[in-house]
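Asks: Pasting a predicted model and its sequence here:
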Amino acid sequence: MMILKRENNFTATRSLREITDTTMKNFTKPGNAVAVLLLAMTFTIAACSTTGMQRSEDVQSDMRTVDNDIKVIVVQLDAINASLDELTKPGQADVKRAFDVYSENVSKIEKMEKDFSKHADQMTKSGKKYFEEWDKNKNQYDNPDLQRSSDERRAALGRTYDKIGMNNKGVKEAFKVYVSDVTEIETFMSNDLTNKGITSIALMSDRTVRNGIHLKNELVNLQSAIEDARAEMTQTGISMN
């Protein structure tokens, strides 16, 4: 058994060496070596030629994701306001049911805030990468007209994308304040669903509604900036579909 095992190992090692020797001999043949090098160059050129397109597609995809988030969030803000009005309505016959609806809406907006923050950060990251790569190749044209056009388009799109960053910051700040308000109301009401308890948060409820309106305005501003960036990218020849 030991002798047979050694023979099998020797045979396997010899076969591997024969395959390696054959591969190296084929590669070292002039024709085959050139073919392999050409194939490698083809893959390298293809990868480089698609890199810019892929980066632009990443930016577009991330902007679409945030835009979709905004649409859902705006609807949820209206749902929270409606459920808060129902909960604090004088003479509410079923306070427990009204609170459960409000609490469910609060849970949804909390998740939306986390998702939005993650998606917005990804949008910022992909945009930064897109412009960094563009800047690396900013002097790539021998034709002065093409170079000037490229510089102008880069500047115009950069200004538009900067607006996204500024508006995005405003949304994040307003979102944190609003989520803090609605969750604190939920906590308070979970401990005191009496008429006096509900009446005592009237001022807090009004402030929360105002903060919700402010958040909605910030979201609309961000959405508008995203639409402007899409228009600029379309003019640059980048499909937004």
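Replies: Nice, thanks for sending it over. All values reported here derive from a predicted model rather than from experimental measurement.
Asks: rest of the way, CA atoms for contacts and neighbours
Replies: Noted.
Asks: what about Phe175, how many neighbours?
Replies: Taking other Cα atoms under 10 Å as the neighbour definition, Phe175 ends up with a count of 26.
Asks: which residue ranges form the strands in this structure?
Replies: The residue ranges that make up strands in the chain, judged by DSSP state E, are empty, as it has none.
Asks: center of it - which residue?
Replies: The centre of the chain sits closest to His119, judged by Cα atoms, centre = their mean, with a distance of 3.1 Å.
Asks: Please report how far that residue lies from Asp192.
Replies: Distance, His119 to Asp192, using Cα to Cα, to the nearest Å: 36 Å.
Asks: Report how many residues lie close to Tyr161.
Replies: One way to gauge burial is a neighbour count; for Tyr161, by other Cα under 10 Å, it gives 21.
Asks: Glu227 is in contact with that one, correct?
Replies: No - counting by Cα atoms under 8 Å, Tyr161 sits too far from Glu227 to count as a contact (10.3 Å).
Asks: tell me the pLDDT at the closest residue in space to Leu157 that isn't next to it in sequence?
Replies: Setting aside the residues directly before and after it, Leu157 is nearest to Glu232 in space (Cα to Cα, 6 or more residues apart in numbering), at 5.9 Å. Glu232 is assigned 76 on the pLDDT scale.
Asks: same question for stretch 181-192, mean pLDDT?
Replies: Stretch 181-192 carries an average pLDDT of 95.
Asks: tell me which residues of that stretch are tucked away?
Replies: For stretch 181-192, the buried set under the neighbour-count rule, 16 or more other Cα atoms under 10 Å, comprises Asp181, Val182, Thr183, Ile185, Glu186, Met189.
Asks: Report the contact partners of the residue nearest to Leu157.
Replies: Glu232 makes contact with Ala156, Leu157, Thr160 under the criterion Cα atoms under 8 Å, 6 or more residues apart in numbering.
Asks: right, and the last one touches Ala225 too?
Replies: Okay, so that is Thr160. Yes - in this structure, Thr160 is within contact of Ala225 by Cα under 8 Å, at 6.9 Å.
Asks: what comes into contact with stretch 220-230?
Replies: The contact list for stretch 220-230, computed with Cα under 8 Å, 6+ apart, reads 60, 63, 67, 70, 157, 160-161, 163-164, 167-168, 171, 240.
Asks: For that stretch, what is the distance to the chain centroid?
Replies: Distance of stretch 220-230 from the chain centroid (Cα atoms, centre = their mean, to the nearest Å) equals 15 Å.
Asks: What's the local residue count around Gly197?
Replies: For Gly197, the number of neighbouring residues by other Cα under 10 Å comes to 14.
Asks: oh sorry, the question was meant for Ser149
Replies: Around Ser149 there are 12 other residues, counting by other Cα under 10 Å.
Asks: State the distance from Lys129 to Gln60.
Replies: The value you get for Lys129 to Gln60, if Cα to Cα is used, is 13 Å.
Asks: Now Gln92: phi and psi?
Replies: Listed backbone geometry of Gln92 is phi -60, psi 120, with angles given as degrees, to the nearest 10.
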